[in-house]
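Asker: structure for this input, please:
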Amino acid sequence: MEVLFGGLIILIGFGSALAYIALQLYTGIRWRGGWRIVALLPLLLMIPVFVITALAYAQQSNLWPILLIFAAPLGTGYLVILMVIRRSVTQPPYK
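Answerer: Down below sits the predicted model:
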């Protein structure tokens with residue numbers, strides 16, 4: 001059970017890191033104005049995380065992805081919630 005839980009955390013961490021990159025690129029390129037500014041806020045957290053992760057990997061640390069695994073779901077969750085809010089605010093109501 002512990003191995004399954006640990007593997008699940010790693011899968012969620014790496015999956016959300018990949019999703020974060022895609023979502024950050026999408027929102028940064030497609031959105032305009034205040035929405036873009038709010039969408040770029042996670043970069044304040046994630047740029048240092050990616051730099052630290054890359055440095056740890058370059059030093060061949062066996063824990064190089066640990067910070068990324070814990071930080072990526074936060075950035076991804078933020079962008080997903082922001083996308084839902086933007087969709088509900090900007091999309092016209094159904095008739």
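
Asker: could you grab the helix/strand/coil label for residue 60?
Answerer: coil (DSSP: H, G, I helix; E, B strand; the rest coil).

Asker: how much space between it and residue 18?
Answerer: Distance from residue 60 to residue 18, counting by CB to CB, to the nearest Å: 23 Å. Glycine gets a C-beta too; all of them are placed from N, C-alpha and C.

Asker: so between the two, which is more surrounded?
Answerer: residue 18 (11 against 7; other CB atoms under 10 Å).

Asker: quick check: buried residues in the strand or helix carrying residue 17?
Answerer: Following DSSP states H and E, one finds residue 17 within helix 2-30. Residues of helix 2-30 classed as buried by neighbour count (16 or more other CB atoms under 10 Å): 13, 16-17, 19-20, 23-24, 27.

Asker: mean confidence score for it?
Answerer: When pLDDT is averaged along helix 2-30, the result is 86.

Asker: residue 68: which of the buried residues of helix 2-30 is nearest?
Answerer: Checking these against residue 68 with CB to CB, the nearest one is residue 17 at 5.5 Å.

Asker: still on that earlier bit, can I get the buried residues of helix 2-30 in JSON lines including distance to residue 78?
Answerer: Formatted as JSON lines, the buried residues of helix 2-30 follow (distance: CB to CB, whole Å):
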{"residue": "13", "distance to residue 78": "15"}
{"residue": "16", "distance to residue 78": "11"}
{"residue": "17", "distance to residue 78": "14"}
{"residue": "19", "distance to residue 78": "12"}
{"residue": "20", "distance to residue 78": "9"}
{"residue": "23", "distance to residue 78": "9"}
{"residue": "24", "distance to residue 78": "10"}
{"residue": "27", "distance to residue 78": "10"}
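
Asker: of all the residues you listed, which comes closest to residue 47?
Answerer: Nearest member of the buried residues of helix 2-30 to residue 47, counting by CB to CB, is residue 24, at 10.3 Å.

Asker: residue 67: which of the buried residues of helix 2-30 is nearest?
Answerer: Once CB to CB is applied, the member of those that ends up nearest residue 67 is residue 13, at 9.7 Å.

Asker: good, we can wrap up now.
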